[in-house]
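J.: Sequence isn't available, so here's the structure alone:
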Ligand SMILES: *Cc1c(COP(=O)(O)O)cnc(C)c1O
């Protein structure tokens, strides 16, 4: 860093996204993207909106907020639209007092945001079976951040457990990051009317095949949304561009395509989990669009490197406690068959 950097940012360690190499073509199973393109109506809506890019986007994101509110059974005032759900999380970590607690193995961005904004934080160890230690969250007195389903494990924490944290910490927030909820979890959005300390974040990146669009949203009480909206408008009132707004609105109207896409991904996940198990892997039961798996006698890093050499990218985390595992995004059936045949070569 240069001598010009703010002392606040000394020692900043940014989030490291999964690699996007250009050296050759890979079967890309490392960043949990949807393997299928968005539906044609979404592509067409984005193309049409492109003709109006000379004009600023709607700073209130009104149409999309209305559509989302209808879709989720809430009011538009319960919804805030963001430039990917990473931006949603950024606003949340920036806005609220009291520090944060999240699991020691979870989405890496939580820690990055806490450090960036100087918020105190605590990492609660997952239990040996990788489930969330709910008691640690109940006892911490900090705002709880829980990816549900969690990444990189794929495990889902049932809503009654989320409710027990909400009940125990009425003076603190519970933030549920539902990036993967469409692939098998149950949404906490139904609890928003009951709890004024609940925040739910969602993304169009995974289940709606729009990772390249950067679109996410927050659901919470009207008062919490107003707080977050004040933050948003103090940073970038045009945080979501026209094309993203149009694509998002169109996406919500493609329910049949969406359901079929989810069914396919879930089917491919099931197939892959069974085949991996047959190959001697331990596979954590996943409610997301990825599998977390390990095999005795092979380190996670060895698995990652030998797959990469054979043209298949998966994600490996060099972190004590999960270093034996790799996280495998669910791709097309063809992708999964390539992965499995490469693994057969590796483990003979
Ligand atoms: C992918 C992901 C996000 C971020 O999604 P974007 O909307 O693409 O910014 C947030 N949380 C978790 C747990 C994720 O895996």
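T.: That came through fine. On a predicted model such as this, the values are computed, not experimentally measured, just so you know.
J.: Around the closest residue to the ligand within the stretch 51-200 of the chain, how many other residues sit close by?
T.: Residue nearest to the ligand within the stretch 51-200 of the chain (Cβ to the nearest ligand atom): residue 84, separated by 3.0 Å. C-betas here are computed from N, CA, C, even on glycine. For residue 84, the neighbour count with other Cβ atoms under 10 Å is 20.
J.: and if you look at residue 246?
T.: 23.
J.: In which helix or strand does it reside?
T.: helix 242-252 (DSSP states H and E).
J.: circling back: is it true that the residue of the stretch 51-200 of the chain closest to the ligand touches residue 212?
T.: No. Using Cβ atoms under 8 Å, residue 84 is not in contact with residue 212, being 10.2 Å away.
J.: how about the helix holding residue 246, does it reach the ligand?
T.: No. If you take Cβ under 6 Å from any ligand atom as the test, helix 242-252 misses the ligand, and the best it gets is 10.8 Å.
J.: Pull out the buried residues from that helix.
T.: 242, 243, 244, 245, 246, 247, 248, 249, 250, 251, 252 (16 or more other Cβ atoms under 10 Å).
J.: name the helices or strands packed onto that helix?
T.: helix 40-50, helix 62-72 (3 or more Cβ pairs under 8 Å, 6 or more residues apart in numbering; DSSP states H and E).
J.: got the angle between the first one and helix 242-252?
T.: Interaxial angle of helix 40-50 relative to helix 242-252 (axes from the mean of the first three to the mean of the last three Cα atoms, to 10 degrees): 160 degrees.
J.: Name all residues that make contact with residue 226.
T.: residue 77 (Cβ atoms under 8 Å, 6 or more residues apart in numbering).
J.: Shouldn't it be within a helix?
T.: Yes. Looking at residue 226 with DSSP: H, G, I helix; E, B strand; the rest coil, it is inside a helix.
J.: Which pLDDT value goes with it?
T.: Per-residue pLDDT puts residue 226 at 98.
J.: Run through the neighbouring helices and strands of whichever helix or strand residue 328 is part of.
T.: For residue 328, the element it lies in under DSSP H and E is strand 326-329. Contacts defined by 3+ Cβ pairs under 8 Å, 6+ apart place strand 326-329 against strand 290-295, helix 300-309.
J.: let's see it at 10 Å
T.: helix 255-278, strand 281-283, strand 290-295, helix 300-309, strand 312-313, helix 333-347 (3 or more Cβ pairs under 10 Å, 6 or more residues apart in numbering; DSSP states H and E).
J.: and of these, who's closest to the ligand?
T.: Using Cβ to the nearest ligand atom, the nearest of these to the ligand is strand 290-295, at 8.9 Å.
J.: Return the angle between stretch directions for the closest one and helix 333-347.
T.: Using the same axes, to 10 degrees: strand 290-295 against helix 333-347 is 10 degrees.
J.: ok so, going back, any chance you could list residues touching both of residue 84 and residue 212?
T.: 205, 244 (Cβ atoms under 10 Å, 6 or more residues apart in numbering).
J.: So which residues on this protein come close to the ligand?
T.: 32, 84-86, 107, 147, 151, 177, 179, 203, 205, 211, 216.
J.: Now the two most distant members of those.
T.: Greatest spacing in those, by Cβ to Cβ: 147 and 211 (16.5 Å).
J.: the more surrounded of those two?
T.: residue 147 (27 against 17).
J.: Disregarding flanking residues, what is the spatial nearest neighbour of that one?
T.: Once flanking residues are discounted, residue 147 sits nearest to residue 177: 4.3 Å by Cβ to Cβ, 6 or more residues apart in numbering.
J.: And for residue 272?
T.: Using Cβ to Cβ, 6+ apart, the closest residue to residue 272 is residue 336 (4.8 Å).
J.: Quick check, residue 21 in contact with residue 31.
T.: No. Counting by Cβ atoms under 10 Å, residue 21 stays clear of residue 31, with 11.5 Å between them.
J.: any common contacting residues for these two?
T.: residue 313.
J.: Pick out whichever of these two has more residues nearby.
T.: Each of residue 21 and residue 31 has its neighbours counted (other Cβ under 10 Å); residue 31 has more, 17 against 11.
J.: All set, thanks.
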